[in-house]
Structure formats: structure tokens, C-alpha cells
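Asker: Here is the input, now give the coordinates:
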Amino acid sequence: MFYGQPNRIWRGRIVKLVHGTQPQPMHGTPGTAHAAQGVTRGALFQALMSTTATDGDLAWLEGVLTALQSEGMLRLQDSNIVPAS
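Answerer: Model prediction:
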């Protein structure tokens, strides 16, 4: 659970953002991540939540991203997150 939502919800939203579709964030205005350039962890979190991430938020996000990469859903490339090829 993260901000009261199951991780599976967040995982789906992250994959959609990284692959270029832009779901509504849980709080605030629509996200602005773009798949072609990839997205940074901070920008991805801001697109999800419309707020700046804390260190704890980024630690949670890193765990989710690592799991999604191991499942072939996305790639962590330098400082960017990009769609899996």
C-alpha cells in the first residue's frame, strides 16, 4: 500500500506513464511524462502525485521500478526510466 492505494494500482499507472499514455494522477492535474525521452524518477512521481517526492517516496518508487524492470515492463537507463524494448 502507498498513499492508501494497493501497489498494483501504482504499478499500472507507472507502466502507462512510462509507455506514453497519461492517466490522471491520484491528486492534482494530469501528468506530463513522455515515453520517447524517458522520464526521471522525480518527474514520474510528480506525474503520479502532482507533488514533490520525499526520500521515503523515492525509496518506495525505486522498489516498484526495480520489480517492474525485472518483469520486463520497463528499463532503468542511467537516470531515466524508459519503456522496455
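Asker: contacts and neighbour counts: CA atoms only from here.
Answerer: OK.
Asker: And Leu58, how far from Ser85?
Answerer: Summarising the geometry, the distance separating Leu58 from Ser85, computed by C-alpha to C-alpha, to the nearest Å, is 24 Å.
Asker: which of the two has more neighbours?
Answerer: Taking neighbours as other C-alpha atoms under 10 Å, Leu58 and Ser85 compare with Leu58 leading, 15 against 7.
Asker: Give me the pLDDT for that one.
Answerer: The predicted local confidence for Leu58 comes out at a pLDDT of 91.
Asker: Could you measure from it over to Gly4?
Answerer: In this structure, Leu58 and Gly4 are 16 Å apart, going by C-alpha to C-alpha.
Asker: Residue ranges in the protein under the pLDDT threshold?
Answerer: Per-residue confidence for the chain (pLDDT under 70) gives these ranges: 21-37.
Asker: Go through it and flag its longest helix.
Answerer: helix 55-70 (DSSP state H).
Asker: can you pull out the helices in this protein?
Answerer: Counting by DSSP H, the helices of the chain are 7-18, 41-49, 55-70.
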